[in-house]
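S.K.: I need the structure of the sequence given here:
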Amino acid sequence: MTDKTDKKTDTKTEVEVVAPAYVVTCADEGVQINVGRRLGFVGAGLDLPRFAEVVPVLFKVFGATIAMTSSEENDWVKQQQALRDWQQVNATMQQKLEALADQVGLLYAGYLPFSDPKQLKHGVKGHMVRPHKVHIANKISFTCGGGEQTYNLGNFVVSADWIHAADADLAREVIMAQVAFLQALSSEGKLEYVFEITGQLPEETIQANLKILQKILS
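M.R.: From the prediction side, this is the model:
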C-alpha cells in the first residue's frame, strides 16, 4: 500500500503579524507613531469623560482591530490623577491604560518613551519626540479622514474621525473637554485650529466630520 501522506502537512507556515491600522494615543504633540495610524485623545482616553462611549463608535467606523498606547510625561494624566512627579505619572499611565484597554476591548500595545522608535506589541511602533517637559505645539490638528496622515511637531492631535457616527452631545462633550485642556496647557497663547481632511474614509464621511466639528468649535 502506497503512503500518500501529504508532506505539506509537516511544513510550518509563518504567520505574518499585521499592525493594527489605527492606534489610540495621547493628543500630545510629541507622540509619533511610525507603524499604525494615530487617533489622538488626551491621555489616550484615560479619565476622559465618556471615552468608553466613544470606543464602540471607533469600532463602527474603523473595525475591530484598534490598539492603544501609553506615553511618557503625560500632562493630562498628571492633572487628572493629581500626581506630583513624572515617574509617578509614567507608571500610573501604563498601569491604568492597560486596564482601560482591557475594559473597553482595545489592544494595549505598550509604552512610548523618549527614545529611538520602539517596537511595541501588536505590530505598533513609535516614540516621543518633543523636548522633555516642554510643549511647543501652537495648533490643534483635528483629524477627519482616518487618523493622522502627516506628523507635525507643532500640532496637538485630536481625532474627530468618528463624530459623524456619534450622538451629537457625546461628540461635543468629548471634543470640547480636550480643546479646553489643550488650550490651557499651551504656553503659546490661543491655539490655532487646523483640519486634516485627507485619509482612508470616504469623502462624504470626511466632509460630514468637518461640518460637525466646525459647528462644535464655533
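
S.K.: what ranges of this protein fall below the confidence cut-off?
M.R.: Where the chain drops to pLDDT under 70, the residues are 1-20.

S.K.: try 50 this time
M.R.: For the chain, applying pLDDT under 50 flags the ranges 1-17.

S.K.: Helices of that one, residue ranges please.
M.R.: With helices called from DSSP state H, the chain shows them at 51-62, 75-80, 86-104, 168-185, 203-217.

S.K.: Out of those, which is the most enclosed?
M.R.: helix 75-80 (a mean of 20; mean count of other Cβ atoms under 10 Å). In this view, the C-beta of every residue, glycine as well, is placed from N, C-alpha and C.

S.K.: Packing partners of that one?
M.R.: helix 86-104, helix 168-185 (3 or more Cβ pairs under 8 Å, 6 or more residues apart in numbering; DSSP states H and E).

S.K.: List the contacts of E72.
M.R.: Applying Cβ atoms under 8 Å, 6 or more residues apart in numbering, one finds that E72 lies in contact with W86, N90, Y111, L112, P113, F114, M128.

S.K.: nearest to A101, of the residues you listed?
M.R.: The shortest gap between A101 and any of the contacts of E72 belongs to Y111, at 12.2 Å (Cβ to Cβ).

S.K.: In JSON lines, list the helices of the chain along with distance to V42.
M.R.: Shown next, in JSON lines, are those (distance: least, Cβ to Cβ, whole Å):
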{"stretch": "helix 51-62", "distance to V42": "9"}
{"stretch": "helix 75-80", "distance to V42": "4"}
{"stretch": "helix 86-104", "distance to V42": "12"}
{"stretch": "helix 168-185", "distance to V42": "5"}
{"stretch": "helix 203-217", "distance to V42": "16"}
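
S.K.: nearest to V24, of the ones you listed?
M.R.: helix 51-62 (7.6 Å).

S.K.: then the closest one to CSV, C-alphas only?
M.R.: Output of helix 51-62 as CSV, limited to C-alpha atoms (Å, rounded to 0.1, in the frame of the first residue of the first chain):
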residue,chain,number,x,y,z
PHE,A,51,-14.5,57.9,26.4
ALA,A,52,-16.0,54.4,27.0
GLU,A,53,-18.9,55.5,24.8
VAL,A,54,-16.6,56.7,22.1
VAL,A,55,-14.9,53.3,21.7
PRO,A,56,-17.9,51.4,20.2
VAL,A,57,-18.2,54.3,17.7
LEU,A,58,-14.5,53.8,16.8
PHE,A,59,-15.1,50.1,16.2
LYS,A,60,-18.1,51.0,14.0
VAL,A,61,-16.0,53.4,11.9
PHE,A,62,-12.7,51.6,11.8
